[in-house]
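Trainee: With the sequence up front, the predicted model follows.
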Amino acid sequence: MLVDHWGRPLRDLRISVTDRCNLRCTYCMPAEVFGPDYAFLPRDELLSFEEIERLARLFVTLGVRKLRLTGGEPTLRRDLPDLVARLARLDGVQDLAMTTNGLLLPRLAPALKAAGLRRVTVSLDSLDPEVFGRMNGLGTHPQRVLGGIEAALQAGLGVKINTVVQRGVNDAGLRELWLTLRKLAPVRFIEFMDVGNHNGWNLESVVPSGEVLARLSEGADRDFTPVNAAYRGEVAARHRDAQGHEVGLISSVTAPFCGDCSRARLSAVGRLYTCLFAAGGTDLREPLRAGASDEALQSQIAAVWRGRTDRYSEERGEQTRPLKVEMSHIGG
Ligand SMILES: Nc1nc2c(ncn2[C@@H]2O[C@H](COP(=O)(O)OP(=O)(O)OP(=O)(O)O)[C@@H](O)[C@H]2O)c(=O)[nH]1
Ligand SMILES: C[S@@+](CC[C@H](N)C(=O)[O-])C[C@H]1O[C@@H](n2cnc3c(N)ncnc32)[C@H](O)[C@@H]1O
Ligand code: SF4
Ligand code: SF4
């Protein structure tokens with residue numbers, strides 16, 4: 001089995017399929033930076049579906065069992081169901097998922113399901129139109145995301161919901177959001193992270209997951225019971241309330257989970273990153289386009305994984321590291 005410097009196996013591959021997005025969440029792609037003049041990647045820079053499929057197959061040979069599509073906003077990539085169909089056919093893939101803002105799911109969910117996508121995680125930070133509009137940078141109404149969640153459920157996709165929590169921004173509405181959304185799907189609350197270089201992160205804006213759980217527990221549903229991890233290295237610590245609704249806490253700041261981190265990340269231009277907070281990656285597109293054999297690519301990937309020492313969240317202090325890859329490039 002291929003393991004890194006700390007003995008962690010390679011299990012997951014998160015594939016970013018575009019750096020573009022139809023939202024401008026302040027904690028990810030703030031509009032002041034990702035404005036009308038921002039130079040997004042030209043189309044020919046992106047890996048083609050053939051190239052993504054080939055690399056994914058090689059990663060699966062090296063031990064990957066779970067693939068997740070992300071971005072930017074993955075649903076903006078043209079003909080996405082064709083890519084899903086290619087990945088769903090790969091032998092050895094046990095899970096095929098996508099993280100999305102949900103806006104385009106009413107149009108795409110049935111085709112994605114038919115192509116072999118198993119589940120989606122839809123991001124929704126607030127049910128208050130003003131708060132959500134401010135957080136997504138474009139005034140987009142939460143009802144549009146709820147429509148996407150509904151479409152995914154109707155198409156038969158598994159659904160989870162992601163909520164990034166920022167102190168003084170959306171934390172006042174967490175309990176209301178939980179009481180509404182828990183009826184639809186498991187909700188995961190994510191501690192605001194210092195990804196990229198432009199999101200103005202500071203420790204005071206982070207609401208520790210313990211505090212989130214305490215807020216959800218106020219009033220009637222006092223008891224949450226911890227649920228065992230579904231797999232080694234699961235990102236979210238899960239709990240169930242008295243009615244069986246599931247909440248996940250993703251605590252990269254207050255309870256880092258680097259010890260079991262089995263995730264590799266492939267950017268839209270084919271760079272391999274071994275940490276969400278990496279400063280640099282390894283170019284796989286160049287050898288791929290220069291005609292490298294499967295064996296050569298595989299040994300390059302294996303060498304990168306073997307040499308991996310990343311444990312950024314465990315090492316993070318109050319200060320963030322300068323010059324990290326952007327979230328929109330690496331896909332979260
Ligand atoms: N620090 C850190 N954050 C991560 C890592 N993997 C995922 N996240 C963050 O956790 C949040 C949830 O990620 P998702 O894309 O929903 O994926 P997931 O939690 O792995 O999904 P499941 O397969 O459902 O467990 C996002 O904000 C990610 O950026 C990781 O390895 N390190
Ligand atoms: C970068 S997005 C890409 C996929 C898609 N556009 C979406 O929003 O779901 C992946 C996940 O990262 C989360 N995320 C982005 N920036 C974050 C930050 N600074 N801290 C914590 N989570 C963040 C998003 O909320 C989303 O759930
Ligand atoms: S979190 Fe997702 S939806 Fe929001 S700006 Fe980033 S990529 Fe776009
Ligand atoms: S901070 Fe890096 S090493 Fe730690 S869990 Fe996240 S991606 Fe993995």
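Mentor: Looks like it came in fine. Residues are numbered from 1 along each chain as shown. Ligands and ions are numbered 1, 2, ... in the order given.
Trainee: which outside residues touch the helix or strand residue 216 falls within?
Mentor: Using DSSP states H and E, residue 216 sits within helix 209-217. Contacts with helix 209-217, where a contact means CB atoms under 8 Å, 6 or more residues apart in numbering, come from 165, 171, 174-175, 178, 189, 191, 223-224, 237, 239, 241, 247, 249-251, 254-255. Where you see a C-beta, it was placed from the backbone N, CA and C, and this is true even at glycine.
Trainee: Make a PyMOL selection of whichever of those turn out to be buried.
Mentor: The PyMOL command for the buried members of the contacts of helix 209-217 (criterion: 16 or more other CB atoms under 10 Å) is given here:
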select buried, resi 165+171+174+175+178+189+191+224+237+239+241+247+249+250+251
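Trainee: Alongside ligand 3, which residues does this structure contribute?
Mentor: Residues of the chain lying near ligand 3 by CB under 6 Å from any ligand atom: 21, 23-25, 28-29, 71-73, 101, 123, 327-328.
Trainee: sorry, back to before: does the helix holding residue 216 reach ligand 1?
Mentor: No - Helix 209-217 does not reach ligand 1 (CB under 6 Å from any ligand atom); its nearest approach is 11.9 Å.
Trainee: Let's see that helix as CSV, backbone CA atoms only.
Mentor: C-alpha atoms of helix 209-217 as CSV (Å, rounded to 0.1, in the frame of the first residue of the first chain):
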residue,chain,number,x,y,z
SER,A,209,-17.4,23.7,16.6
GLY,A,210,-18.0,23.1,20.3
GLU,A,211,-19.7,26.5,20.4
VAL,A,212,-21.7,25.7,17.3
LEU,A,213,-23.0,22.5,18.9
ALA,A,214,-23.9,24.3,22.1
ARG,A,215,-25.9,26.8,20.0
LEU,A,216,-27.8,24.1,18.2
SER,A,217,-28.6,22.4,21.5
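Trainee: For residue 270, the count of nearby residues, please.
Mentor: Close neighbours of residue 270, defined as other CB atoms under 10 Å, add up to 23.
Trainee: Please name the residues that touch it.
Mentor: Contacts of residue 270 (CB under 8 Å, 6+ apart): 47, 51, 55, 283-285, 288.
Trainee: Do a quick rundown of the strands in the stretch 201-332 of the chain.
Mentor: For the stretch 201-332 of the chain, applying DSSP state E, counting those that start in this stretch gives strands covering 225-227, 237-240, 246-250, 263-266, 271-273, 282-283.
Trainee: winner for burial among those?
Mentor: strand 263-266 (a mean of 24; mean count of other CB atoms under 10 Å).
Trainee: Tabulate the CA atom coordinates of that one in CSV.
Mentor: Extracted in CSV, the C-alpha atoms of strand 263-266 (Å, rounded to 0.1, in the frame of the first residue of the first chain):
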residue,chain,number,x,y,z
ARG,A,263,-6.7,13.3,0.4
ALA,A,264,-4.9,14.3,-2.8
ARG,A,265,-6.1,17.2,-4.8
LEU,A,266,-5.8,17.7,-8.6
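Trainee: now that strand, how far from the centre of its chain.
Mentor: Its chain's average C-alpha position is 11 Å from that of strand 263-266, according to CA atoms, centre = their mean, to the nearest Å.
Trainee: What of stretch 36-48?
Mentor: 20 Å.
Trainee: Pull stretch 124-143 out as PDB, backbone CA atoms only.
Mentor: C-alpha atoms of stretch 124-143 as PDB (Å, rounded to 0.1, in the frame of the first residue of the first chain):
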ATOM      1  CA  LEU A 124     -25.600  27.000   2.000                       C
ATOM      2  CA  ASP A 125     -24.500  29.400   4.700                       C
ATOM      3  CA  SER A 126     -27.700  31.200   5.800                       C
ATOM      4  CA  LEU A 127     -31.400  31.100   5.200                       C
ATOM      5  CA  ASP A 128     -31.600  34.900   5.800                       C
ATOM      6  CA  PRO A 129     -31.600  36.400   2.300                       C
ATOM      7  CA  GLU A 130     -29.700  39.500   3.500                       C
ATOM      8  CA  VAL A 131     -27.000  37.500   5.200                       C
ATOM      9  CA  PHE A 132     -26.700  34.900   2.500                       C
ATOM     10  CA  GLY A 133     -26.700  37.600  -0.200                       C
ATOM     11  CA  ARG A 134     -23.800  39.400   1.500                       C
ATOM     12  CA  MET A 135     -21.800  36.200   2.100                       C
ATOM     13  CA  ASN A 136     -22.200  35.000  -1.500                       C
ATOM     14  CA  GLY A 137     -21.100  38.400  -2.800                       C
ATOM     15  CA  LEU A 138     -23.800  38.600  -5.400                       C
ATOM     16  CA  GLY A 139     -27.000  38.900  -3.500                       C
ATOM     17  CA  THR A 140     -28.200  35.500  -4.600                       C
ATOM     18  CA  HIS A 141     -31.300  34.300  -2.700                       C
ATOM     19  CA  PRO A 142     -31.100  31.200  -0.500                       C
ATOM     20  CA  GLN A 143     -34.300  29.900  -2.100                       C
END
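Trainee: Thank you kindly, that will do.
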